[in-house]
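> sequence? don't have it. structure:
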């Protein structure tokens, strides 16, 4: 099917005759150049360009590469007609991953002209503060700018320009520490609306746009590739399980926003009347859930995520198979399949949430070693066919409070955000599957209040013994059931609670 699409799109491009290829007329770009009202023609152009690059990389379709080169040629011609100052004004309008894709095209072809075209998309007004380690994100449209940073990351990898790495690393550090919810998602009403760390007032119906979560995962892959920092994979895991899983329904319809206000619900595009940016991005991201489970360097393999899977390393004559029911069961088994004995390091991530420690066994024998939370446990040896490593990682309850208000708390079990079920009263199919307008017409209710004798979550929530991975509030006027957020659909919920401690204080 992909080959057929490439062939038909190439016919359209040839008919136009100048390399342009999109579903809208070039006149939209005239509007963009002239500063007239138009929204994001380069955003869609990028999607088509990136799709053709994927068809070449993953499917070996050379016509797709030819089409992509012609698209880049048209882009270069368009950009070169503008002064530098004029192009900087254009870059205020969302352009998706144009910088990233043009550098990817440079990497595939070795033609520096495509890197030069990519450089037209270096948005200095956005990049300069980041390079100086200044957070000036307040008021900016989040998903306009996250892909720019991904482009800077890719540019660093291909040019060695340390400034690009520096600004990308600072951006990632700042967003993940100061501008992300417990889910790992970011933005409210598509923007960063506040100063860093001010999140307690941002828990609305349009908290965290789905495209932002996916693009932060893409950026995290780059960060980890440079650093092997386990904290990057701690963030990746958190965002994967809580922000990304659970944002499509059983028929594959996607979410635009993931509401975090109390009393709201997950909603999706309708079958025929809505195809949002996050619908298109969702098609890409849900096909990429095999990403980042494993990385390797010259010396060994990094096991980053607890996901049933198998990875092949042909140069080493090695396969590594992971069998796990995580998160339903708090363990995983890794089996080595080797054509001949091979020496390498097996680096197993011990997550930030593994505060009770854990255990590791090799071929049934318990090893007297483990590692601290947010680190890698390294087993280096000569591996033989059939070697088995079993890892146990007990999960515990813990809270994730907003940075600016410690009483506004999300409850987590291991990496999983728990959501309180508030029933489905009044919910209709029309409320869960919106038409062309993705903006939910509902307001959150007041956060449920929790009265607790201590600051520990065990004081107000306990496991529901009749159902695994289900919890219930205790000591409150009414009992509320909590379940993993990614599993919840069709109900109103709350992710955050207002927790008031009853600790007696003595003078």
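Happy to help now that I have it. Computed from a predicted structure; not experimentally measured.
> CA only for contacts and neighbour counts going forward, please
Fine.
> residues of stretch 215-229 that come out buried?
215-225, 228 (16 or more other CA atoms under 10 Å).
> Sitting in helices, which of those residues do you find?
Under the assignment DSSP state H, the buried residues of stretch 215-229 contribute 215-225 to helices.
> could you redo those as CSV and give each row pLDDT and distance to residue 151?
Shown next, in CSV, are these (pLDDT from 0 to 100; distance: CA to CA, whole Å):
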residue, pLDDT, distance to residue 151
215, 97, 11
216, 98, 12
217, 97, 14
218, 97, 10
219, 98, 9
220, 98, 13
221, 98, 13
222, 98, 10
223, 98, 13
224, 98, 16
225, 98, 15
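> want to throw those residues into a markdown table with distance to residue 358?
A markdown table is the format used below for these (distance: CA to CA, whole Å):
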| residue | distance to residue 358 |
| --- | --- |
| 215 | 32 |
| 216 | 29 |
| 217 | 27 |
| 218 | 30 |
| 219 | 30 |
| 220 | 26 |
| 221 | 26 |
| 222 | 29 |
| 223 | 27 |
| 224 | 24 |
| 225 | 26 |
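> Closest one of these to residue 65?
Closest to residue 65 out of these is residue 218 (22.4 Å), distances taken as CA to CA.
> so that closest one sits right up against residue 151, yeah?
No: the criterion here is CA atoms under 8 Å, and residue 218 misses it with residue 151 at 10.5 Å.
> ok, the ones in helices among the buried residues of stretch 215-229 vs residue 435, which is closest?
Taking CA to CA as the measure, residue 435 sits nearest to residue 215 out of these, at 24.6 Å.
> From residue 190, how far off is that closest one?
Distance, residue 215 to residue 190, using CA to CA, to the nearest Å: 13 Å.
> Likewise for residue 296?
Distance from residue 296 to residue 190, counting by CA to CA: 35 Å.
> Counting neighbours, go ahead and name the busier of the two.
residue 190 (22 against 15; other CA atoms under 10 Å).
> okay, now the closest residue to residue 475 other than its chain neighbours: neighbour count?
Among residues not flanking residue 475 along the chain, residue 460 sits closest, at 6.3 Å (CA to CA, 6 or more residues apart in numbering). Using other CA under 10 Å, residue 460 has 18 neighbouring residues.
> Residue 460 and residue 474 touch, don't they?
Yes: the criterion here is CA under 8 Å, and residue 460 meets it with residue 474 at 5.0 Å.
> Can you pull the phi and psi angles for residue 481?
The phi/psi pair for residue 481 (degrees, to the nearest 10) reads phi -90, psi 140.
> repeat for residue 378
phi -110, psi 120.
> and what of residue 479?
The phi/psi pair for residue 479 (degrees, to the nearest 10) reads phi -90, psi 130.
> Contact partners for it?
472-473 (CA atoms under 8 Å, 6 or more residues apart in numbering).
> switch to 10 Å and redo it
420, 461, 472-473 (CA atoms under 10 Å, 6 or more residues apart in numbering).
> quick one: buried residues of stretch 103-110?
Across stretch 103-110, burial judged by 16+ other CA under 10 Å covers 103-107.
> which of these lies closest to residue 392?
For the buried residues of stretch 103-110, the nearest to residue 392 is residue 104 (39.5 Å; CA to CA).
> The strand or helix carrying that closest one: what's the following helix or strand?
Per DSSP states H and E: residue 104 is located in helix 98-109. Per DSSP H and E, the first helix or strand lying C-terminal to helix 98-109 is helix 112-119.
> ok so, going back, okay if I get the buried residues of stretch 215-229 as TSV plus distance to residue 47?
Output for the buried residues of stretch 215-229, formatted as TSV (distance: CA to CA, whole Å):
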residue	distance to residue 47
215	13
216	17
217	17
218	15
219	17
220	20
221	20
222	20
223	23
224	25
225	24
228	29
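> what sits opposite the closest residue to residue 262 other than its chain neighbours in the beta ladder?
Counting by CA to CA, 6+ apart, residue 494 is the residue found nearest to residue 262 once chain neighbours are left out, at 4.3 Å. Beta-bridge partners of residue 494, counted by DSSP bridges, are residue 420.
> show me what contacts residue 494?
259-265, 410, 418-422, 444-448, 482, 485.
> what's the answer for residue 330, then?
Here residue 330 is in contact with 306, 324, 358, 391-395, 414 (criterion: CA under 10 Å, 6+ apart).
> Correct me if wrong: residue 170 contacts residue 134.
Yes: contact criterion CA atoms under 10 Å: residue 170 and residue 134 qualify, at 8.6 Å.
> Sketch out the low-pLDDT regions of the stretch 401-507 of the chain for me.
502-507 (pLDDT under 70).
> now the helices for it?
Per DSSP state H, counting those that start in this stretch, the stretch 401-507 of the chain carries helices over the ranges 429-432.
> At which residues are the strands of it located?
Ranges of strands in the stretch 401-507 of the chain, per DSSP state E, counting those that start in this stretch, are 405-413, 416-421, 433-434, 449-452, 461-463, 471-473, 481-484, 493-494, 496-501.
> could you check the distance from residue 38 over to residue 46?
16 Å.
> if you count what's nearby, which of the two comes out ahead?
Neighbour comparison, residue 38 and residue 46: the larger count goes to residue 46, with 22 against 13 (by other CA under 10 Å).
> quick one, what contacts that one?
Residue 46 touches 22, 52, 71-72, 95-102, counting by CA under 10 Å, 6+ apart.
> Apply 8 Å and report the result again.
95-98, 101.
> of those residues, closest to residue 207?
residue 96 (20.4 Å).
> so how many other residues sit close to that closest one?
Residue 96 has 24 neighbours, counted by other CA under 10 Å.
> Could you pull up phi and psi at the residue nearest to it when sequence neighbours are not counted?
Spatial nearest neighbour of residue 96, chain neighbours left out: residue 43 (4.4 Å); criterion: CA to CA, 6+ apart. Backbone torsions for residue 43, taken as degrees, to the nearest 10, come to phi -60, psi -50.
> Can you read off the pLDDT for residue 43?
On the pLDDT scale, residue 43 is placed at 96.
> got the contact list for the least confident helix or strand in the chain by mean pLDDT?
The helix or strand of the chain with the poorest confidence is helix 277-285; it has a mean of 88 (mean pLDDT, DSSP states H and E). If you take CA under 8 Å, 6+ apart as the criterion, helix 277-285 is touched by 209-211, 214, 253-256, 269.
> Among these, name the ones in helices.
210-211, 214.
> Neighbour count and distance to residue 328 for the residues you listed - can I get that in CSV?
Output for the ones in helices among the contacts of helix 277-285, formatted as CSV (neighbours: other CA atoms under 10 Å; distance: CA to CA, whole Å):
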residue, neighbour count, distance to residue 328
210, 26, 25
211, 27, 27
214, 25, 24
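> The helix holding residue 104 - contacts with which helices or strands?
helix 41-59, helix 62-80, helix 112-119, helix 142-159 (3 or more CA pairs under 8 Å, 6 or more residues apart in numbering; DSSP states H and E).
> highest average neighbour count across these?
Ranked by mean neighbour count, these are led by helix 142-159 with a mean of 23 (mean count of other CA atoms under 10 Å).
> And the next helix or strand past that one?
Heading C-terminal from helix 142-159 (DSSP H and E), you reach helix 162-178.
> Would you mind stating the distance between the closest residue to residue 267 other than its chain neighbours and residue 246?
In this structure, residue 267 finds its nearest non-sequential neighbour in residue 432, 4.3 Å apart by CA to CA, 6+ apart. Distance of residue 432 to residue 246, computed by CA to CA: 14 Å.
> Look up how far residue 391 lies from the closest residue in space to residue 320 that isn't next to it in sequence.
The spatially closest residue to residue 320, leaving aside those adjacent along the chain, is residue 336, at 4.9 Å (CA to CA, 6+ apart). The gap separating residue 336 from residue 391 is 14 Å, by CA to CA.
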